[in-house]
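Participant: Here is the input, now give the coordinates:
(one chain, ligands or ions: 1)
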Amino acid sequence: MLTAIDRIEGPYSTPEYKQEFYVEGALLKCRACHISLNYKKKSVLDDHLNSMRHEIARNVINNSTQL
Ligand SMILES: [Zn+2]
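Facilitator: This is a model prediction of the structure:
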């Protein structure tokens, strides 16, 4: 059975997933948006990475961490 961890470091992961998501308990969460995603559906993850919401959250983080 596919688990959240498989999306980060298993055969179903990608470098992008590993960078953008993290596992909390049994949930896969987005680092930038702090929301849990349905890790069982690759399309959900890909759509989220391409979403405006995610883009905005990432930009906020990048701007706030620049010194
Ligand atoms: Zn996100």
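Participant: residues from the protein in reach of the ion?
Facilitator: Within the chain, the positions lying close to the ion (CB under 5 Å from the ion) are 30, 32-33, 54. Quick note: C-beta positions are derived from backbone N, CA and C, even for glycine.
Participant: Which strand residues bridge the residue nearest to the spatial centre of the chain?
Facilitator: Among the residues of the chain, the one closest to the centroid is Phe21, at 3.0 Å (CA atoms, centre = their mean). Here Phe21 sits in beta bridges with Cys30, going by DSSP bridges.
Participant: And it, how far from Lys40?
Facilitator: Going from Phe21 to Lys40 by CB to CB, to the nearest Å gives 13 Å.
Participant: about what we covered before: okay, the residues of the chain next to the ion in a markdown table with pLDDT next?
Facilitator: Formatted as a markdown table, those follow (pLDDT from 0 to 100):
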| residue | pLDDT |
| --- | --- |
| Cys30 | 98 |
| Ala32 | 96 |
| Cys33 | 96 |
| His54 | 97 |
